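K.L.:
pasting the sequence and the predicted model now:
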Amino acid sequence: MADYVLKICLLGDGAVGKTSLVYRYIENRFSRDFKSTLGVNLLKKKLTLDGDFAGKTASVQIWDLGGQQAYRKLRKLYLEGSQGALVVFDITSQASFDHLDDWIGSLIEIRGDKVPMILIGNKIDLEENKVITQEQADEYAKKYNIPLILTSAATGEKVEEAFKDLIMTIVKTI
Ligand code: G3D
Ligand code: MG
């Protein structure tokens, strides 16, 4: 039995890379052959914590929701009981950045404004197609007072850190 049993979720538009990030974190692989998530994917990861929590174990349930509008009705169910979220946009997609308010708003509405969140700018390997600058992302993160982490599910850059940061933030609030 783990010392902590947590439930976290991934939020953000379709195609920002949510499923790829989860897959990278859990399997440490990247696959282009995924089907886009239809309903909700439920995955589990067990890990050993460090820092002040060294030696403690956590079992983390990761909820990965299809981002499409059709699943909006599922949002409430999905967000209830979430102890924290990775809120993901794609640095090559203006729309995914513009919709962050909507995702964060839904989460805050259900879980309150103290719910741990990390803003993720994914696909940093696609630097040449970047449309959202680091400054824009930083400014947005400051508005909600949440950390920003730039990741690539393709190369694996900062993916483990992103999940770990969220998990540690949650554990510290328990
Ligand atoms: P979603 O779960 O948020 O809907 P997916 O997003 O994980 O299904 O990813 C959507 C597309 O983006 C996929 O490509 C996937 O391979 C790609 N992708 C995800 N993360 C990254 C990344 O960090 N870098 C790059 N270059 N691509 C990424 P396809 O072509 O299958 O639509
Ligand atoms: Mg998906």
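P.N.:
Structure received. Ligands and ions are numbered 1, 2, ... in the order given.
K.L.:
phi, psi for K130 please.
P.N.:
phi -60, psi 130 (degrees, to the nearest 10).
K.L.:
wait, what's in contact with it?
P.N.:
I91, T92, I124 (CB atoms under 8 Å, 6 or more residues apart in numbering). Quick note: C-beta positions are derived from backbone N, CA and C, even for glycine.
K.L.:
scan these and report the most crowded one.
P.N.:
In terms of neighbours by other CB atoms under 10 Å, these top out with I91 at 27 neighbours.
K.L.:
quick check: that one touching I120?
P.N.:
No. Judged on CB atoms under 8 Å, I91 makes no contact with I120 at a distance of 9.8 Å.
K.L.:
need phi/psi at F97.
P.N.:
phi -80, psi -40.
K.L.:
that one contacts I132, doesn't it?
P.N.:
Yes. Counting by CB under 8 Å, F97 touches I132, with 4.9 Å between them.
K.L.:
of those two, who's got more company?
P.N.:
Applying other CB under 10 Å to F97 and I132 shows that F97 carries more neighbours, namely 21 against 18.
K.L.:
in the chain, what residue is nearest ligand 1?
P.N.:
G17 (2.9 Å; CB to the nearest ligand atom).
K.L.:
that residue: neighbouring residues, count only.
P.N.:
Count around G17 with other CB under 10 Å applied: 24.
K.L.:
leaving out the residues flanking it, which one is nearest to it?
P.N.:
In space, and not counting its chain neighbours, G17 is closest to N122: 4.2 Å by CB to CB, 6 or more residues apart in numbering.
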